[in-house]
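Asks: Below: sequence and its predicted model.
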Amino acid sequence: MRNGIKVFAPATVANVACGFDILGFAIDSPGDEIVAKRNPNSKELRITDITGSKLKLPYETDKNTATIGILNLLKDLKINNIGIDLEIHKKMPFGSGMGSSAASACGGVFVVNELLKLGLEKKELIKYALDGEFIASGGYHADNIAPCMLGGIQLSKDANYYRLPLPKGLHVLMVYQQVEILTKAARKILSDTITLQQHIEQNTNLAGLIIGLYNADYSLLKNSLKDVIIEEQRKHLIPNFDFIKNITSFNNALGCSISGSGPTIFAIFDNTINMDAAKESIEKELVKQKRRFKIYESQINQEGTILL
Ligand code: HSE
């Protein structure tokens with residue numbers, strides 16, 4: 001048995017405009033790192049260090065998204081009295097819409113599976129990672145967890161996950177402005193009802209997006225990466241939303257919307273020249289406004305959570 005293990009769990013974009021709660025993709029960077037070590041002098045799971053989070057995240061294992069799933073996993077496998085020390089190194093802001101809690105939840109169960117050589121498949125670990133994610137969002141939806149664990153762009157249906165094909169050369173711009181939006185709160189503001197017209201448009205967009213991915217049809221992707229239900233209800237929570245979206249559209253993005261429940265805004269491009277031009281204009285404006293922000297550029301991650 002190895003003494004210490006380190007894993008990487010990527011940031012993710014949930015919803016992907018028209019796939020509320022069912023669609024998500026992972027990006028190469030940033031991503032959390034989780035380290036697990038056996039501790040022969042202890043008989044329990046402990047969090048020994050948390051770095052990189054300005055927010056005070058709980059060290060109690062029954063409250064932290066990284067450890068809730070591990071506790072359930074160990075309980076199901078009837079593994080008791082085992083000393084595991086966990087370090088959580090956060091590389092993305094909490095409450096940012098970049099799947100921070102999912103990254104910790106996936107990294108946590110994955111690292112323990114490796115450390116103890118439990119031999120569970122990634123798909124089996126998702127169930128436990130979802131337990132961790134539940135306390136952050138108040139719902140069981142795998143739109144961050146599935147891509148974080150498995151990589152790529154994932155469609156969740158019931159407890160099954162389907163990897164959709166990815167056309168070559170897609171680049172993702174992520175604009176995070178420092179405003180915290182908690183998923184639970186951002187879900188409470190959503191209306192329970194939609195119109196028939198919204199249902200038709202959103203379904204057409206989702207179908208178009210899936211066909212666009214299968215056929216590598218960039219113009220269909222551009223025509224389909226639209227959200228006619230959620231974005232309008234949440235965008236007031238995000239400073240400069242319309243400005244940023246307009247800039248990405250001016251620079252020929254294939255689509256731009258809220259990443260998860262925000263405040264991060266994502267935009268997908270089919271080349272880096274347009275992406276860099278959009279980035280420069282957005283940066284200039286946010287600096288002028290003296291905003292605290294961070295812009296990430298990445299490709300779509302194919303591996304999901306991995307051993308380092
Ligand atoms: N799909 C969720 C939401 C966020 O937008 O509320 C991520 O799970």
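Replies: That came through, no problem. Numbers count the residues shown, from 1 in each chain.

Asks: any idea how far residue 216 is from the closest residue to residue 51 other than its chain neighbours?
Replies: Excluding the flanking residues, the one nearest residue 51 by Cβ to Cβ, 6 or more residues apart in numbering is residue 89, at 5.0 Å. (Each C-beta comes from the backbone N, C-alpha and C, glycine too.) As judged by Cβ to Cβ, to the nearest Å, residue 89 and residue 216 stand 36 Å apart.

Asks: ok, back up a step: the residue nearest to residue 51 contacts residue 47, correct?
Replies: No. With contacts counted by Cβ atoms under 8 Å, residue 89 stays clear of residue 47, the gap being 11.6 Å.

Asks: And the residue nearest to residue 118 when sequence neighbours are not counted, how far from residue 128?
Replies: Using Cβ to Cβ, 6+ apart and skipping the chain neighbours, the partner closest in space to residue 118 is residue 77 (6.7 Å). For residue 77, the distance to residue 128 (Cβ to Cβ) stands at 10 Å.

Asks: Can you pick out the residue with more neighbours from the two?
Replies: Per other Cβ atoms under 10 Å, whichever of residue 77 and residue 128 has more neighbours is residue 128, with 26 against 11.

Asks: Quick check: the closest residue to residue 150 other than its chain neighbours vs the ligand, distance?
Replies: Counting by Cβ to Cβ, 6+ apart, residue 150 lies nearest to residue 304, which is 4.5 Å off, once chain neighbours are set aside. Relative to the ligand, residue 304 is positioned 16 Å away (Cβ to the nearest ligand atom, to the nearest Å).

Asks: Tell me the secondary structure of residue 304, please.
Replies: Secondary structure state of residue 304, per DSSP: H, G, I helix; E, B strand; the rest coil, is coil.

Asks: again, but for residue 58
Replies: At residue 58 the chain is in coil, as set by three-state DSSP.

Asks: Next, count neighbours for it.
Replies: 14.

Asks: re earlier: got the contact list for the residue nearest to residue 150?
Replies: Contacts for residue 304 (Cβ atoms under 8 Å, 6 or more residues apart in numbering) come out as 9, 10, 26, 106, 122, 147, 148, 149, 150, 151, 152.

Asks: Quickly find the element holding the residue lying closest to residue 221 once chain neighbours are set aside.
Replies: Closest residue in space to residue 221, ignoring its immediate chain neighbours: residue 212 at 3.9 Å, by Cβ to Cβ, 6+ apart. Using DSSP states H and E, residue 212 sits within helix 196-215.

Asks: Can you list the buried residues in the helix or strand that that helix is followed by?
Replies: Next in sequence after helix 196-215, counting helices and strands by DSSP H and E, comes helix 218-224. Buried residues in helix 218-224, defined by neighbour count with 16 or more other Cβ atoms under 10 Å: 220, 221, 222, 223, 224.

Asks: is it true that the first one touches residue 212?
Replies: Yes. Contact between residue 220 and residue 212 holds when scored by Cβ under 8 Å: they sit 3.8 Å apart.

Asks: picking that back up, now distance to the ligand too, for the buried residues of helix 218-224, in a markdown table please.
Replies: As requested, the buried residues of helix 218-224 are exported to a markdown table (distance: Cβ to the nearest ligand atom, whole Å):
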| residue | distance to the ligand |
| --- | --- |
| 220 | 23 |
| 221 | 20 |
| 222 | 22 |
| 223 | 22 |
| 224 | 18 |
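
Asks: which one among the residues you listed gets closest to residue 112?
Replies: For those, the residue nearest residue 112 by Cβ to Cβ is residue 221; the value is 37.8 Å.

Asks: so what's residue 111 up against?
Replies: Contacts of residue 111 (Cβ under 8 Å, 6+ apart): 5, 6, 7, 34, 35, 36, 86.

Asks: For residue 153, grab the count of nearby residues.
Replies: Applying other Cβ under 10 Å, we find 27 residues neighbouring residue 153.

Asks: do the one 10 residues further on as well
Replies: By the measure other Cβ under 10 Å, the count of residues near residue 163 is 16.

Asks: now it: how far from residue 76?
Replies: As judged by Cβ to Cβ, residue 163 and residue 76 stand 26 Å apart.

Asks: what pLDDT does residue 93 get?
Replies: Residue 93 carries a pLDDT value of 86.

Asks: Then the one 3 residues further on?
Replies: pLDDT, the model's per-residue confidence, is 91 for residue 96.

Asks: just residue 54 next, same as before
Replies: Model confidence at residue 54, given as pLDDT, is 70.

Asks: which residue packs closest to it, ignoring adjacent ones?
Replies: Counting by Cβ to Cβ, 6+ apart, residue 93 is the residue found nearest to residue 54 once chain neighbours are left out, at 7.5 Å.

Asks: if I pick the one you found, what's in contact with it?
Replies: Here residue 93 is in contact with 53, 54, 100, 176, 178, 180, 294 (Cβ under 8 Å, 6+ apart).
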